[in-house]
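S.K.: Need coordinates for the below:
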Amino acid sequence: MQIFEFLTDSTVIFFIANSLYVISYMLTSMVWLRVLAIIAAASTVPYFYFQVEPLWSALFWQGCFLMVNLVNLLILFYSMRAAHFDGDEELAYHIKFSDLKPYEVRPIFKYAEKRVIEPGQVLLGQGAENRTLFLILKGECKVIKDDLEIAVLRQGQFVGELSFLSEHEVSADVVATQETMVMAWNKRDLGPLFKKQGLYESYFYSLCSLDVAGKLRKMTNASTSA
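M.R.: Now for the predicted structure:
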């Protein structure tokens with residue numbers, strides 16, 4: 001069987017190593033991509049070494065690929081370490097960001113500012129410019145437009161999401177009806193995060209869109225019931 005004469009032990013290992021490379025590039029999990037790439041790079045060593053003359057240049061580059069993936073894997077594991085949230089961050093995570101893993105939320109909280117709004121204090125004024133997104137952690141706010149109360153916002157709801165998204169003027173007053181704690185994100189401060197990780201920008205915008213849709217649905221149901 002001459003067709004199989006070239007299949008030495010080192011050649012088989014080389015084929016397996018390259019198959020692992022192909023599989024790793026098909027994976028969406030960065031952890032498993034890195035792990036398989038490391039195994040594949042290590043598996044090529046026997047093939048390149050046990051030639052008539054060791055292929056030192058190939059061994060050098062395989063060593064580089066192995067080290068790059070190993071370092072990136074360690075960095076990935078470090079970023080995935082257990083997140084330590086304070087009480088307010090823990091609350092925000094459970095009421096709004098629980099669809100993400102804790103380590104994925106850590107960068108979001110890094111750019112957040114916590115504020116306490118006193119009863120009767122205006123959080124947003126109609127006609128004002130606003131580039132800040134607020135999340136109600138505790139308390140309650142009412143939305144007033146042209147002296148009419150049109151909505152009440154409570155825990156887990158965003159405030160100012162329309163002006164945050166569109167950069168248009170605030171369409172209504174938002175006033176705290178009791179002591180209210182909010183978590184706030186300024187759009188300018190979020191710029192570096194959005195630039196570094198574009199998926200966070202998409203995530204914020206999708207959250208805001210879902211929040212707006214929920215408010216509109218609630219308002220529609222209320223008007224239908226009336």
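S.K.: F85: what secondary structure?
M.R.: Here F85 is recorded as coil under DSSP: H, G, I helix; E, B strand; the rest coil.
S.K.: Next, find the distance separating it from R106.
M.R.: The gap separating F85 from R106 is 8 Å, by C-beta to C-beta, to the nearest Å. Where you see a C-beta, it was placed from the backbone N, CA and C, and this is true even at glycine.
S.K.: try G120
M.R.: Noted for G120: a distance of 35 Å to R106, by C-beta to C-beta.
S.K.: more crowded one of the two?
M.R.: R106 (17 against 9; other C-beta atoms under 10 Å).
S.K.: Show me what counts as buried in the host helix or strand of the more buried one.
M.R.: Here R106 is covered by helix 102-110, with elements defined by DSSP states H and E. Buried residues in helix 102-110, counting neighbours by 16 or more other C-beta atoms under 10 Å, are found at P102, E104, V105, R106, I108, F109.
S.K.: Also stretch 208-217?
M.R.: C208, D211, K215.
S.K.: pLDDT score assigned to the second one?
M.R.: In this model, D211 is scored at 88, pLDDT.
S.K.: Need the per-residue pLDDT for the residue lying closest to it once chain neighbours are set aside.
M.R.: Among residues not flanking D211 along the chain, F158 sits closest, at 4.5 Å (C-beta to C-beta, 6 or more residues apart in numbering). F158 is assigned a pLDDT of 95 by the prediction.
S.K.: Against I13, how distant is F158?
M.R.: Between F158 and I13 the distance is 55 Å, computed by C-beta to C-beta.
S.K.: next one: A58
M.R.: 14 Å.
S.K.: same deal with L207?
M.R.: Separation of L207 from I13 (C-beta to C-beta) stands at 48 Å.
S.K.: And for F48?
M.R.: 10 Å.
S.K.: Give me the common contacts of A58 and I13.
M.R.: T44 (C-beta atoms under 8 Å, 6 or more residues apart in numbering).
S.K.: three-state assignment of A17?
M.R.: The local conformation at A17, judged by three-state DSSP, is helix.
S.K.: State the pLDDT value of it.
M.R.: pLDDT at A17 comes out at 80.
S.K.: Return the list of helices and strands in contact with the longest helix along the chain.
M.R.: Longest helix of the chain, by residue count under DSSP state H: helix 198-225. Counting contacts by 3 or more C-beta pairs under 8 Å, 6 or more residues apart in numbering; DSSP states H and E, helix 198-225 packs against strand 148-153, strand 158-159, helix 161-166, helix 187-196.
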